[in-house]
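A.B. asks: Fold the following.
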Amino acid sequence: MWTLKGGKLQNPVETNMVWLDLAASGLGMNDLAEIGKEKGLQLLGNRLIIHYQVSEEALRRLDEVFELALS
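C.D. replies: Here you go, the predicted model:
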């Protein structure tokens, strides 16, 4: 989702952990957390850990966060 919208990653994704390159997108460490809070998500910093228990609704909201952050 992040890279499809133009975001960059700090490291290649090999597991369920993803490190977003926020600086390359002009974002600060707390920007995603603020947008996520508006969408009912608790985000911290530039690392995401995706588990199989994450709901489709949470992923939809995360996509909205990425859209807002990168627009």
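A.B. asks: Count the neighbours of residue 51 for me.
C.D. replies: Using other Cβ atoms under 10 Å, residue 51 has 6 neighbouring residues. (Glycine included, C-beta is placed from N, CA and C.)
A.B. asks: Name the SS class of the residue lying farthest from the centre of the chain, please.
C.D. replies: Using Cα atoms, centre = their mean, the residue of the chain lying farthest from its centre is residue 53. It sits 16.9 Å away. Counting by DSSP: H, G, I helix; E, B strand; the rest coil, the backbone at residue 53 sits in coil.
A.B. asks: Give the partner strands of the worst-scoring helix or strand of the chain on mean pLDDT in its sheet and their orientations.
C.D. replies: Considering only helices and strands, the least confidently modelled element of the chain by mean pLDDT, DSSP states H and E is strand 47-49, at a mean of 91. In its sheet, strand 47-49 lies beside strand 17-19 (antiparallel), with partners assigned from DSSP bridges.
A.B. asks: Going by contacts, tell me the helices and strands next to the longest helix along the chain.
C.D. replies: Ranked by residue count, the top helix of the chain under DSSP state H comes out as helix 56-70. Taking 3 or more Cβ pairs under 8 Å, 6 or more residues apart in numbering; DSSP states H and E as contact, the helices and strands that helix 56-70 lies on are helix 31-38.
A.B. asks: returning to what we had before: so which bits of the least confident helix or strand of the chain are buried?
C.D. replies: Within strand 47-49, the residues scored as buried using 16 or more other Cβ atoms under 10 Å are residue 48.
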